[in-house]
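A.B. asks: Give the three-dimensional model of this entry:
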Amino acid sequence: MSDLPAPVRDFILELTEDMRSPAYMLVGENNLLTAWGGDWGAHDVTGLDERMDVSEHITFLHGLLPLETPNVFLPNVQTHEGLYADVYLFERKEGTWVLLLDATADASARQRMQQKSNVLRLQVAEIEREEEALYEEQGILEAKVRERTKDLAETNMRLKKELIERQRIEKELRESEARFRRLFESNMIGIMFWDLKGAITAANDAFLDTLGYTQDDLRLGRVHWDQITRPGKLNLDEKAFVEMRETGACTPFVREFIRQDGKPVTLLFGAALLEGSQTKVVCFTLDLNRYK
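C.D. replies: Purely as a prediction, here's the structure:
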C-alpha cells in the first residue's frame, strides 16, 4: 500500500519514495470492489464505486478474476491509449489486491530507445553497403561505423541499466509489501482502516481482540466507530480530525474505547489520512496496560 501517508508509512513500513503514480484496489467475492486508493486518474480509470464488478468496469482485468494462481504480474499493460502500467495481482485472505504502477514513461523510453537502436542498425547496414561500392572511401566509412557502433553500444548499456533499476524497484516494492503484511499479521500493534463516516473497512486481529470482536464481526458490519466510542469523548476525536485535515496526521494520544461487552479499555491511538483522501484513515493502537 504505497499510498499510505508519510507519518504512518515512516512509523510502520519505512517505505522508499514512490514516484510512479501507484493505484490499488481490493476485490472481494464475485469480483466486487471493496476498497481502492492511489492515483487511478493517472491510469485513466474513473467511475469506481463500492461493490461494482471490476472485471466488467476495467477492461484489462476482464478474464483475470478470480485469480487461478496466488500471484500474477502483467508488465506494460495498456490501460488507455498512450498509457501503460505494470499490474500486480496477489491473493490474500481478505480478497484479491490489484496494484498498478505507472509504466508509461518506461514504455515510452523503451520505444524511443528501440527506435533509435533500429535507426542506428539501419545506418550501420547502409554504411556497410556503401563500403562495398565505394572502397576508396573506406577510411571515412570505417570512422562512421565506429561512431554508430559506439552510439548503439551506449544505447544498449542504458537499456541494461534501466532494466537493472526496474528490477531493483520491483524488489523493493515486494519487500515493502511483505514488511507491511508481516507487521499487519504479526499483531504486534493494532491496525485498522476506516473513514470519517464511521465505517471500519479493515482491521487486524490485534485491534479486534482488544475490543472483543472477530474478523467475522467486521465482515458482518458489527464493528462501527460509534459502537467503540464513548459519546463523552467525541471532543478528542474532533481535535484529532482537525489536526489530520491540517497536517495529514494526528499526534498520538491516549484514548478510551468501548469493548463489545461494554467495558472500557484505554489505548494509545494514532491516525492519519490516506494520501490523496480527506475521508479515509489508517490508525494504529497500542494497549498500554500490557506494558505496565
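A.B. asks: For residue 232, see how far away residue 66 is.
C.D. replies: According to Cβ to Cβ, to the nearest Å, residue 66 stands 46 Å off from residue 232. For the C-beta atoms, the positions are set from N, CA and C on the backbone; glycine is no exception.
A.B. asks: neighbour count winner among these two?
C.D. replies: It is residue 66, of residue 66 and residue 232, that has more neighbours when counted by other Cβ atoms under 10 Å, with 13 against 8.
A.B. asks: Can you give me the distance of the more buried one to residue 27?
C.D. replies: 8 Å.
A.B. asks: Surely residue 51 is within a strand?
C.D. replies: No - per DSSP: H, G, I helix; E, B strand; the rest coil, residue 51 lies outside any strand segment and is coil.
A.B. asks: Now it: closest residue in space, sequence neighbours ignored.
C.D. replies: Spatial nearest neighbour of residue 51, chain neighbours left out: residue 32 (5.0 Å); criterion: Cβ to Cβ, 6 or more residues apart in numbering.
A.B. asks: The one you found contacts residue 52, correct?
C.D. replies: Yes - using Cβ atoms under 8 Å, residue 32 is in contact with residue 52, at 6.9 Å.
A.B. asks: and residue 152, that one's in a strand?
C.D. replies: No - counting by three-state DSSP, residue 152 is not part of a strand but helix.
A.B. asks: show me what contacts it?
C.D. replies: By Cβ atoms under 8 Å, 6 or more residues apart in numbering, residue 152 lies in contact with 117, 120, 121, 124.
A.B. asks: Return the members of those classed as buried.
C.D. replies: 120, 124 (16 or more other Cβ atoms under 10 Å).
A.B. asks: Just checking: what are the partner strands of the helix or strand containing residue 24?
C.D. replies: Here residue 24 sits within strand 23-27, counting by DSSP states H and E. According to DSSP bridges, strand 23-27 forms sheet pairs with strand 33-38 (antiparallel), strand 95-102 (antiparallel).
A.B. asks: can I get these in CSV with mean neighbour count and mean pLDDT?
C.D. replies: Listed next are those as CSV, based on neighbours: other Cβ atoms under 10 Å; pLDDT from 0 to 100:
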stretch, mean neighbour count, mean pLDDT
strand 33-38, 20, 88
strand 95-102, 22, 85
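A.B. asks: Test my guess that residue 240 contacts residue 271.
C.D. replies: Yes - with contact defined as Cβ under 8 Å, residue 240 and residue 271 form a contacting pair (6.3 Å).
A.B. asks: about what we covered before: may I see the strands paired with strand 23-27 organised as TSV, with distance to residue 112 added?
C.D. replies: Formatted as TSV, the strands paired with strand 23-27 follow (distance: least, Cβ to Cβ, whole Å):
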stretch	distance to residue 112
strand 33-38	27
strand 95-102	17
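A.B. asks: neighbour-wise, which of residue 240 and residue 271 wins?
C.D. replies: A count of neighbours by other Cβ under 10 Å puts residue 271 above the other of residue 240 and residue 271, at 25 against 21.
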